[in-house]
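> structure, please.
(chains A and B)
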Amino acid sequence: MVLFKYILKRIFFMIPILFGVVVIIFTLMYVTPGDPALAILGENATPEAIEAIHIKLGLDDPYLVRLTKYFLGVFKGDFGISYRTGRPVFEEIMARYPNTLILTFSSVALGVLIGVTAGIISAVRQYSLLDKLLTSFSLFGVSAPSFWLAMVLVLFFSVKLKWLPATGSYGLKYWVLPVFTLGLQASASIMRMTRSSMLEVIRQDYIRTSKAKGQSNFMTIMRHGFKNAQVPILTIIGIRITNFLAGAVLVETVFSIPGLGAFIISSVNFKDYPVVQGGVLWIALNCIVITLIVDILYCFVDPRIKSAFSKKQKQSTVSSVRQGGS
Amino acid sequence: MEREPQKNTPLQEVWKRFKRNKLALGGFIVLVFLIIVAIFAPYLAPYDYAAQDYTSRLIYPNAQHWFGTDNFGRDIFSRVIFGTRYTLFIGLICTTVAAFFGCGLGLIAAFFSKLDNIIMRVMDVLIGIPAMLMCISIVAALGSNMRNMMIALSVTAMPNFARVMRAQVLTVRDQEFIEAARSIGASNGRIMLKHIVPNSLAPVIVQFTLGVVNAILMSASLSFVGMGVQPPNPEWGLLISAGRAYLRSEWYMCILPGLAIVVTTFALNLLGDGLRDALDPRLKR
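The predicted model follows:
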């Protein structure tokens, strides 16, 4: 019940943010100069044809009317029609969304595998040569731009060694380099967070107690150390997923993957604003949902968060009863 | 009579702790070096960064052209040197603007509780849209050029400063010295500027270095996809983008300018980590 209330509360907090995101994105596209009718019909369109498009799409309606219509449309899954293809924006998004999802989740999975392992080793062997090497690697990972890292990997594995294809998404081996590029970046930040979080935990008294009771080093680290260091790691994993959903555009561009990010960029160049609006909104919605999932996962990873919420609830109930009584 | 040992000022203490961290000091030295390069670029660059020489197109790195030449025969080393100006200018200006407005809003939100909810919910919405997409939307709306990209970068970085500043002010505003200042009749403005801001700046300084790193990486990314600095300007992201078509044969065209970005952000990250440890030794890992 407590968890259910917690989830409801988080969803309730999401609603105004979602509303604000829709308003901001709609307003940005609304103030964009240029007539959408010209983008659809081309520069040589007749005034009658332009007028017809204006009436059809309601382009002459006031701002608030258009915003309300857009908001109601989004609520029903209608993100408008693409100027470029004439197809519903939502269909266009869905055609490319799976590629972005595959890239994002595979990269983060790889990043978690490398980052968490390296972070734990680095923390346990603090100030050793291995720690210094791993820390330098992680700092390099967070310093290198993803598109540049992608090109370095293409140069090495595709051009020099000819092991992997450089562009496209026709099969499993085409995904190796893009996933590896983003995976390396994710592992760098996850490793930094894991190391920092583990260092804080392994200095605690209960770790010393566990060792004093004869528990092996490995078991102490995994059962008592890592278990208590998971919340910040979960946070950085959530941040990484949202970053990649939005920022995979660069890697998609380098590897010519038909993902959502690359589609948004090409739509900006074509002035296909319903796609830009819809695409940005869709990814923003995804990010908000992922943040919510991470928030919920906190309760499972660290039951103290759930109990803190329930205590808070009890306190507020008691204080409201007291206020009512007085 | 025995003399009392001279006490260091807080700033001297921070500098003392910072100096002990050799990596952070290295990052600081690299940053100073880059600033010098940016200022004296016309004197340091061996060639005119825009001069085209079709007789020396696509030359591999050698003694005359340290980073080789591009498809227009322009010296890449000179372009990278001038690119330092763009990178540092964009990184520092965008982060300064974001810090100024973000900290201002964070300060107001924490100090005037009536405005707290409104300001912070707007910041939540801005954070709700991922930075890269927010930048793309703003640049799509305003047009692709350096000024609009800088506006976009400043807007997206602002909420982070607002959050950091608000959190810090909330811990400072209830302390005794603020109460003392209020009791002797200090105005809200004076309390904020003279007492709260100086005591809340430590995490903002750390956030600033991280903000510069983000701004540099984001500006390079946006220029790479054609939404930032426009050709023929020698911005580093743009240099990488221009070299992309030649990756198979003339790898140096994109790899070497990319290294410049890595060195700069690496140094700034070291500096940021060092400042964090020096300003708050409890956080030292």
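> now find how far off-centre the helix or strand where residue A:107 lies is within its chain.
Here residue A:107 is covered by helix A:89-124, with elements defined by DSSP states H and E. Offset of helix A:89-124 from its chain centre (CA atoms, centre = their mean, to the nearest Å): 9 Å.
> which helix or strand lies directly C-terminal to it?
Following helix A:89-124 toward the C-terminus (DSSP H and E): helix A:129-143.
> list the contacts for the residue of the stretch 1-150 of chain A found nearest chain B?
For the stretch 1-150 of chain A, the residue closest to chain B is residue A:20, as judged by CB to the nearest CB, at 3.2 Å. Placement of C-beta: from N, CA and C, glycine included. Under the criterion of CB atoms under 8 Å, 6 or more residues apart in numbering or on different chains, the neighbours of residue A:20 are B:121, B:122, B:124, B:125, B:128.
> grab the nearest non-local neighbour of residue B:145.
residue B:230 (6.0 Å; CB to CB, 6 or more residues apart in numbering or on different chains).
> and that neighbour, what's its pLDDT?
Each residue has a pLDDT score; the one for residue B:230 is 91.
> how about residue A:119?
You'll see residue A:119 listed with a pLDDT of 93.
> what is the burial count for it?
The tally of other residues near residue A:119 (other CB atoms under 10 Å in any protein chain shown) stands at 28.
> low-confidence ranges, the chain, go.
As the question left the chain open, I've gone with chain A. The model of chain A has pLDDT under 70 over residues A:306, A:308-326.
> that was the other one, I meant chain B.
Counting by pLDDT under 70, chain B has low-confidence residues at B:1-5, B:281-285.
> list the contacts of the residue nearest the centre of it.
Centroid-nearest residue in chain B, with CA atoms, centre = their mean: residue B:212, separated by 1.2 Å. Residue B:212 sits next to B:91, B:92, B:95, B:268 when contact means CB under 8 Å, 6+ apart.
> quick one: the strand or helix carrying the last one near chain A?
Secondary structure assigned from DSSP H and E places residue B:268 in helix B:252-279. Yes. For helix B:252-279, a contact with chain A is found by CB under 8 Å from any CB of the partner chain, at B:254, B:255, B:258, B:261, B:262, B:265, B:266, B:269, B:270.
> quick check: closest non-adjacent residue to the third one.
So that's residue B:258. Spatially, and ignoring its direct neighbours in sequence, residue B:258 is nearest to residue A:148 (3.6 Å; CB to CB, 6+ apart).
> helix or strand for the one you found, which one?
Going by DSSP H and E, residue A:148 is in helix A:146-153.
> hmm, who's touching that helix?
Contacts of helix A:146-153 (CB under 8 Å, 6+ apart): A:177-178, A:180-182, A:184-185, A:247, A:250-251, A:253-255, B:221, B:224, B:240, B:244, B:247, B:254-255, B:258, B:261-262.
> so how far is chain B from the residue most central in space within chain A?
Using CA atoms, centre = their mean, the residue of chain A that lies closest to the mean C-alpha position is residue A:242, 0.9 Å off. From residue A:242 across to chain B, the span is 6 Å (CB to the nearest CB, to the nearest Å).
> please report phi then psi for the residue in the stretch 201-326 of chain A positioned nearest to chain B.
Closest residue of the stretch 201-326 of chain A to chain B, CB to the nearest CB: residue A:246 (3.3 Å). Backbone geometry at residue A:246, expressed as degrees, to the nearest 10, gives phi -90, psi -30.
> same check on residue A:242?
Dihedral angles (degrees, to the nearest 10) for residue A:242: phi -70, psi -40.
> surely it touches residue A:291?
Yes. Using CB atoms under 8 Å, residue A:242 is in contact with residue A:291, at 6.9 Å.
> ok, how many other residues are close to residue B:31?
18.
> so what's residue A:17 closest to, chain neighbours aside?
Nearest residue to residue A:17, sequence neighbours excluded (CB to CB, 6+ apart): residue B:128, at 4.7 Å.
> so what's the one you found up against?
Residue B:128 is in contact with A:17, A:18, A:20, A:21, A:284, A:287, A:288, counting by CB under 8 Å, 6+ apart.
> hang on, isn't residue A:259 packed against residue A:96?
Yes. At 5.6 Å, residue A:259 counts as touching residue A:96 under the criterion of CB under 8 Å.
> buried stuff in whichever strand or helix holds residue B:171?
Assessed by DSSP H and E, residue B:171 sits inside helix B:146-172. Residues of helix B:146-172 classed as buried by neighbour count (16 or more other CB atoms under 10 Å in any protein chain shown): B:146, B:148-166, B:168-170, B:172.
> likewise stretch A:184-199?
Across stretch A:184-199, burial judged by 16+ other CB under 10 Å covers A:184-199.
> would you mind writing the CA trace of the helix holding residue A:148 as PDB?
The C-alpha trace of helix A:146-153 is given here as PDB (Å, rounded to 0.1, in the frame of the first residue of the first chain):
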ATOM      1  CA  SER A 146      30.700  10.300 -28.400                       C
ATOM      2  CA  PHE A 147      30.900  11.100 -32.200                       C
ATOM      3  CA  TRP A 148      34.700  11.400 -32.000                       C
ATOM      4  CA  LEU A 149      35.000   8.100 -30.000                       C
ATOM      5  CA  ALA A 150      32.700   6.500 -32.700                       C
ATOM      6  CA  MET A 151      35.100   7.600 -35.400                       C
ATOM      7  CA  VAL A 152      38.200   6.400 -33.600                       C
ATOM      8  CA  LEU A 153      36.500   3.000 -33.200                       C
END
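> okay, the angle between that helix and helix B:252-279?
Using axes from the mean of the first three to the mean of the last three CA atoms, to 10 degrees, the direction of helix A:146-153 lies 130 degrees away from that of helix B:252-279.
> the following helix or strand past helix A:146-153 close to chain B?
Following helix A:146-153 in sequence order, the next helix or strand is helix A:172-201 (DSSP H and E). Yes. Applying CB under 8 Å from any CB, one finds helix A:172-201 touching chain B at A:195, A:196, A:199, A:200.
> contacting residues around the nearest residue to residue A:184 once chain neighbours are set aside?
Using CB to CB, 6+ apart and skipping residues adjacent in sequence, the residue nearest residue A:184 is residue A:141, 5.7 Å away. The contact partners of residue A:141, taken as CB under 8 Å, 6+ apart, are A:184, A:185, A:187, A:188, A:189, A:191.
> any idea which of the residues you listed is closest to residue A:220?
residue A:191 (20.6 Å; CB to CB).
> quick one: that closest one and residue A:114 touch, right?
Yes. Residue A:191 lies in contact with residue A:114 (CB under 8 Å); the separation is 7.3 Å.
> and the stretch 201-326 of chain A, which residues reach chain B?
Taking CB under 8 Å from any CB as the contact definition, the stretch 201-326 of chain A meets chain B at A:242-243, A:245-247, A:249-250, A:253-254, A:264-265, A:268-269, A:273, A:276, A:280, A:283-284, A:287-288.
> buried ones among these?
Buried subset of those (neighbour count, 16+ other CB under 10 Å): A:242-243, A:245-247, A:249-250, A:253-254, A:264-265, A:268, A:273, A:276, A:280, A:283-284, A:287-288.
> now, these that are in helices?
Those of these mapping onto helices are A:242-243, A:245-247, A:249-250, A:253-254, A:264-265, A:268, A:273, A:276, A:280, A:283-284, A:287-288, per DSSP state H.
> is residue A:83 in a helix, a strand, or coil?
Under DSSP: H, G, I helix; E, B strand; the rest coil, residue A:83 falls in the coil class.
> flag every residue of the stretch 51-200 of chain B that's near chain A.
By the rule CB under 8 Å from any CB, the part of the stretch 51-200 of chain B lying against chain A is B:121-122, B:124-126, B:128-133, B:136-141, B:143-144.
> re the thing from before, what sits against the residue of the stretch 201-326 of chain A closest to chain B?
Counting by CB under 8 Å, 6+ apart, the residues that residue A:246 touches are A:261, A:283, A:287, B:130, B:131, B:132, B:133.
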